[in-house]
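Novice: coordinates for the following, if possible.
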Amino acid sequence: MGQLLLSSERRTTAPQRLTSVIKTARDIMRKDKGLNGDLDRIPMLTWIMFLKFLDDQEKILEAEATLSGGKFQATIARPYRWGDWAAKESGITGPELIAFINQDEAVLPDGTRGPGLFAYLRSLAGAEKKDRRDVVSTVFKGVINRMISGYLLRDVINKINEIHFDTTDQIHGLAFLYESLLKEMRDAAGDSGEFYTPRPLIRFMVKVIDPCLGETVLDPAAGTGGFLVEAFKHLKSQCKKAEDFERLQNGSLFGFEAKPMPFLLCQMNMLLHGIESPDIDSNNALRFPLREIGEKDRVDVILTNPPFGGEEERGILGNFPEDMKTTETALLFLQLIMRKLKRVPEPGRAGVVVPNGTLFGDGVCARVKEQLLKEFNLRTLVRLPEGVFAPYTNMTTNLLFFDRSGPTKEIWYYEHPLPPGRKSYTKTKPLQYEEFKPCLDWWDYREENEQAWRVSVDDVLKYDEHRILASANLDIKNPRSKLEGDYLPPQQLAADLLTREQKILIILQEIEEILKESDE
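Specialist: Numbering: from 1, shown residues only. Alright, predicted model coming up:
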């Protein structure tokens, strides 16, 4: 009973106090020569908070087990638990702390010798599926302690020790703060920011896809877990009884994230938002041959912003049909998404972010779109303006909403407008959720207007006289646009020029692939 955290004894941390604690910890980190900006500091904070969070949650579980007379097995054994080495302000510090964390073998806080902290955490293995030990092991396989000064690290640990993850209010407060940290990390990430999708965009996509309790939701490129967190909140609002919450926590949300750092950030984000055992695969979602993905592997809903502009390794390409192989990651993910959607009992549905190049691309890109339109119902294509993903890219993007209800007959387009007087979204003036209200009002009662229009699939898929696909162009402009080509503003002219350059780049990539194949 001594370890039971009674409500009256729980220390509270007001939002202002939480903000102050995190700010102080970051200020301390700025003094360490081993860290270079928020891209290093925020992951450092995350793994420290992860261990503190785990320890606080396990104290609660241990207390509950004591009350019920059950057995409790800690995820982390002594002397590696937070209370053994981190909880005391006067605990292990300096070079000894760095050695304990970093080295394969070190002097432990209890004076014995054994594996260092990270070496021990990476060696954990669960005895059953969804064991927390497997999660911890996977998280720390991709974590590196970049701090050089053990004294500064001790100061940071002491600050994080002031956060107490043992009440819902405190966890919710930190979840909100953590979201702002992820946004800061995205803003500092430059070209590495692809794993952060603007939360207003995520919220809109979840709203219109409308996952229902009992359905399975997948993000095959989970990043920091934004889509899964928002889907969790959406599904949680539908829970009425204990069985509903149990169903939500087990077998509802799934993800893949192959990059170690986003995987860690994702785990923490989901835990803070109330997802007790995040089911995130730490390997590449594209590693499975498409032909081997059967009904048991399919899901009801897919929501994702897959990486684009990158290239996959040659070994991955063997998982795709010969005429559908491409090094363009976005097209590989689109094929995977189509394969992973359920056929029965209800047709699965998806909301996917794609770059503008996907709309007009030829070759493999056109064949992928042909499959999408012939085997799936592409109900809606939302065209987004420039700057939605600022500051790390100004590339124009689109949202595809499709399902397995049958072939596409017509496609609704909706052009999301910029706020009046704006030329693009920026880091300081980003997209806001409220701006989607006109589209949400239109969604269920569709009619053509200044922002919305319909296109027949026959106007998209074009064939030659031998019925061979000639083009599959989804890059269809708003016919009611007030802008005429001769009077486009300079920024729009530049955007159009960039689009033409992207088309040329795609053609050059296809030529390069053909040349490589001829050399093999």
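Novice: going by C-alpha atoms from here, please, whenever you check contacts or count neighbours.
Specialist: Noted.
Novice: which stretches of the stretch 51-200 of the chain form strands?
Specialist: Secondary structure of the stretch 51-200 of the chain (DSSP state E, counting those that start in this stretch): strands located at 105-107, 113-115.
Novice: what residues of the last one count as buried?
Specialist: Going back to what we said before, that points to strand 113-115. Taking 16 or more other Cα atoms under 10 Å as the neighbour-count basis, strand 113-115 is seen to contain the buried residues Pro115.
Novice: what does it rub up against?
Specialist: Contacts with strand 113-115, where a contact means Cα atoms under 8 Å, 6 or more residues apart in numbering, come from Gln103, Asp104, Glu105, Ala106, Val107, Leu108.
Novice: list buried residues within the residues you listed.
Specialist: In terms of neighbour count (16+ other Cα under 10 Å), the buried residues within the contacts of strand 113-115 are Glu105, Ala106, Val107, Leu108.
Novice: which one of these is nearest to Glu410?
Specialist: When the buried ones among the contacts of strand 113-115 are compared for distance to Glu410 (Cα to Cα), Glu105 wins out at 63.8 Å.
Novice: any idea what the closest one is bridged to?
Specialist: Taking DSSP bridges as the rule, Glu105 bridges to Pro115.
Novice: with Ser123 as the reference, measure out to it.
Specialist: Here Glu105 is placed at a distance of 13 Å from Ser123 (Cα to Cα, to the nearest Å).
Novice: tell me which residues touch Lys236, please.
Specialist: Applying Cα under 8 Å, 6+ apart to Lys236 gives the contacts Phe245, Leu248.
Novice: how close does it sit to Arg247?
Specialist: Applying Cα to Cα, the value for Lys236 to Arg247 is 10 Å.
Novice: possible to save the strands of the stretch 51-200 of the chain as a markdown table with distance to Phe227 and mean pLDDT?
Specialist: Supplementary listing: the strands of the stretch 51-200 of the chain in a markdown table, determined by distance: least, Cα to Cα, whole Å; pLDDT from 0 to 100:
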| stretch | distance to Phe227 | mean pLDDT |
| --- | --- | --- |
| strand 105-107 | 39 | 93 |
| strand 113-115 | 37 | 95 |
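Novice: make TSV from the ones you listed and add distance to Asp210 to it.
Specialist: TSV is the format used below for these (distance: least, Cα to Cα, whole Å):
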stretch	distance to Asp210
strand 105-107	50
strand 113-115	47
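Novice: for Pro420, find the nearest of these.
Specialist: Nearest of the strands of the stretch 51-200 of the chain to Pro420, taken as Cα to Cα: strand 113-115 at 60.2 Å.
Novice: for Arg154, find the nearest of the strands of the stretch 51-200 of the chain.
Specialist: strand 105-107 (16.7 Å).
Novice: go through the buried ones among the contacts of strand 113-115 and name the one nearest Val364.
Specialist: The shortest approach to Val364 among those belongs to Glu105, at 51.2 Å (Cα to Cα).
Novice: quick revisit: using CSV, lay out the contacts of strand 113-115 together with distance to Leu461.
Specialist: Shown next, in CSV, are the contacts of strand 113-115 (distance: Cα to Cα, whole Å):
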residue, distance to Leu461
Gln103, 59
Asp104, 59
Glu105, 63
Ala106, 65
Val107, 68
Leu108, 66
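Novice: list the contacts of the one helix or strand Glu370 maps to.
Specialist: Using DSSP states H and E, Glu370 falls within helix 364-375. Contacting residues not belonging to helix 364-375 are listed as 323-326, 331, 334-335, 338, 358, 360, 378, 404, 406-408, 457, 461, 469, 471-473 [Cα under 8 Å, 6+ apart].
Novice: at 7 Å what do you get?
Specialist: For helix 364-375, the surrounding residues in contact (Cα atoms under 7 Å, 6 or more residues apart in numbering) are Asp323, Met324, Thr326, Leu331, Gln335, Thr358, Gly406, Pro407, Thr408, Leu461, Ser471, Ala472.
Novice: pick out the most distant pair among the residues you listed.
Specialist: Across the contacts of helix 364-375, the longest distance by Cα to Cα is 26.0 Å; it joins Thr326 and Gly406.
Novice: so those two - more neighbours on which side?
Specialist: The residue with more neighbours, out of Thr326 and Gly406, is Thr326; 23 against 15, by other Cα atoms under 10 Å.
Novice: can you tell me the element the more buried one falls in?
Specialist: Thr326 belongs to no helix or strand, assigned by DSSP H and E.
Novice: now Trp442: which helix or strand?
Specialist: Using DSSP H and E, the element containing Trp442 is helix 437-443.
Novice: same check, this time on Asp40
Specialist: helix 38-68.
Novice: what's the average pLDDT for stretch 64-78?
Specialist: Stretch 64-78 shows an average pLDDT of 86 in the prediction.
Novice: residues in contact with it?
Specialist: Contact with stretch 64-78 is made by Met1, Glu58, Glu62, Asp84, Arg132, Arg133, as judged by Cα under 7 Å, 6+ apart.
Novice: if we use 10 Å, what do you get?
Specialist: Stretch 64-78 is contacted by residues 1-5, 51, 54-55, 58-63, 81-82, 84-85, 108-110, 120-121, 124-126, 131-136 when judged by Cα atoms under 10 Å, 6 or more residues apart in numbering.
Novice: compute the first-to-last residue distance for stretch 134-147.
Specialist: The stretch stretch 134-147 measures 25 Å between its terminal residues, going by Cα to Cα.
Novice: can you give me the buried ones in that stretch?
Specialist: Asp134, Val135, Val136, Ser137, Thr138, Val139, Phe140, Lys141, Val143, Asn145, Arg146, Met147.
Novice: what of stretch 446-460?
Specialist: Applying a neighbour-count criterion of 16+ other Cα under 10 Å, the buried positions in stretch 446-460 are Gln451, Ala452, Trp453, Arg454, Val457, Val460.
Novice: got a list of what the second one touches?
Specialist: With contact taken as Cα under 10 Å, 6+ apart, Ala452 is in contact with 381-382, 412-416, 439, 442, 446, 478-480.
Novice: and which of these is nearest Gly294?
Specialist: Among those, Leu381 lies closest to Gly294 (Cα to Cα), at 27.6 Å.
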